[in-house]
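**Student:** the sequence and its predicted three-dimensional model are supplied below.
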Amino acid sequence: METRRPLAWRLSKWLVRPRFDCYNWYDNGEYWLVQKLAAFHPAVVFDVGANVGDWLTMTRRALPDAEIHAFEIVDTTYARLRERCADTAAVLLNNIGLSDRAGTLTMHVYESCSGWASHIAYPHGEYRDVVCPVVRGDEYARQRGVRHIDLLKIDVEGAEHLVLKGFVDAIDTGDIDVIQFEYGKVNILTHFLLRDFYEFLEQREYSVGKLFPRRVDFRSYSFDDEDFVGPNFVAVRRARSDIIDILRGH
């Protein structure tokens, strides 16, 4: 049964928003997360929603020995990514998107910001439609001979749940250790709520928590968490208690 959080807890949640609910990697915990995972020597990283390669570049510096598979669905954005990162060692660039099926996805591309591209018509302003190819993550991994993914980062402006469903085989067999995914206002439009992320992942033996600047708050879902603020949550296989403990701060 849903238990309402104490008033003091709910007030503290609002008070910390100015510090934590931002999209700067060095302030919201994304950089900290990669630094912490470096201790486990990740071998394979998937960057789904690579955009022009900022997160990829940051992660490459922190994990110089990892093989990174980067996916950017929009061709014009991919051209900028390729220009910037094509010569980066052990980085495989892919001008495709990942989804729950193979085929195409119509993307709404906002000229003012490449990072806003989404299959959802989010009210960012004027956009142009681009039909882009997509494949299932499980199928891509099979074709590439990838048997295990240490870190799956998903930043796809509302298609996060589609990407997860496309990796359902790897998730069910425990072949993805850590998943970082975005959650925010776009989920109002997708109707895939934070509660749905929790249900999808917890029933597959993952612990889920919000990413803060220097910790992950692993705990059960509460209705109070459904604030559409985000920006990032982390899921870790329960079998990897060593990772959970270090990310929790133990």
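**Tutor:** That came in fine, so what should we check first? Numbers count the residues shown, from 1 in each chain.
**Student:** longest strand of the protein?
**Tutor:** Longest strand of the chain, by residue count under DSSP state E: strand 128-136.
**Student:** for that one, give me every contacting residue.
**Tutor:** Contact partners of strand 128-136, identified using CB atoms under 8 Å, 6 or more residues apart in numbering, comprise 73-75, 96-109, 111, 166-167. All C-beta spots, glycine's among them, are computed from the backbone N, C-alpha and C.
**Student:** now do 6 Å
**Tutor:** Counting by CB atoms under 6 Å, 6 or more residues apart in numbering, the neighbours of strand 128-136 from elsewhere in the structure are 73, 96-97, 99, 102, 104-107, 109, 166.
**Student:** now neighbour count too, for those residues, in JSON lines please.
**Tutor:** Shown next, in JSON lines, are the contacts of strand 128-136 (neighbours: other CB atoms under 10 Å):
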{"residue": "73", "neighbour count": "27"}
{"residue": "96", "neighbour count": "16"}
{"residue": "97", "neighbour count": "25"}
{"residue": "99", "neighbour count": "25"}
{"residue": "102", "neighbour count": "13"}
{"residue": "104", "neighbour count": "13"}
{"residue": "105", "neighbour count": "20"}
{"residue": "106", "neighbour count": "10"}
{"residue": "107", "neighbour count": "24"}
{"residue": "109", "neighbour count": "19"}
{"residue": "166", "neighbour count": "26"}
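**Student:** the residues you listed in strands, which ones?
**Tutor:** The subset of the contacts of strand 128-136 located in strands under the criterion DSSP E comprises 97, 99, 104-107, 109.
**Student:** residue 241: which of those is nearest?
**Tutor:** Taking CB to CB as the measure, residue 241 lies nearest residue 99 of the ones in strands among the contacts of strand 128-136, at 31.4 Å.
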